[in-house]
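> just coords:
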């Protein structure tokens, strides 16, 4: 029994060490500062960085955001508003999906142009948007902000499409009024 406990402890330490190594890996995140028009930037963060930490780096990079407090900024990816306490690691490990595809995908795939199969789902991700909350509050009834919704890990968008509006996921309301 003592040998089994020792083995469990050793395996847990190995797992925690591996997770720490993964969280320390750096990724490039492309985003647009969004004020009605996109201004594209790229910043390098670790996978363990929270969305709030990422937004703080964005403040340093985007002149228009330097005076904005981090809690007044939002990060929107694939039409999903991401809370500031979640890390990129959590989103990647849980394979979080937005309305039009994965939020963050760093897997290697065959090029559709080489396989000549247009039926293959593209899981490339789009650049996220960094916006000020006051801009969002002023424009939330207008496109594209009218499509944005809060991140809910239990919600799925499996059958959602952005092309023709013929397929919708459970609980996703996109009808035009």
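Now that the structure is in, tell me what you want to look at. Because the structure is predicted, anything quoted here is derived from the model rather than measured.

> who's the closest residue in space to residue 64 that isn't next to it in sequence bridged to?
The spatial neighbour of residue 64 that comes closest, neighbours along the chain excluded (CB to CB, 6 or more residues apart in numbering), is residue 33 at 6.4 Å. C-beta coordinates here come from the backbone N, C-alpha and C atoms, glycine included. Residue 33 has these beta-bridge partners by DSSP bridges: residue 39, residue 130.

> Let me know whether residue 51 touches residue 81 as I believe.
No: when contacts are counted by CB atoms under 8 Å, residue 51 is not listed as touching residue 81 (9.8 Å).

> what residue lies at the spatial centre of this protein?
Computing the C-alpha centroid of the chain and ranking residues by CA atoms, centre = their mean puts residue 103 first, at 4.0 Å.

> Next, the contact list for that one, please.
With contacts defined as CB atoms under 8 Å, 6 or more residues apart in numbering, residue 103 is in contact with 77-78, 80, 82, 91, 96-97, 125.

> Provide a list of residues in contact with the residue lying closest to it once chain neighbours are set aside.
Closest residue to residue 103 apart from its sequence neighbours, by CB to CB, 6+ apart: residue 96 at 4.5 Å. Neighbour list for residue 96: 90, 102-104, 151, 153 [criterion: CB under 8 Å, 6+ apart].
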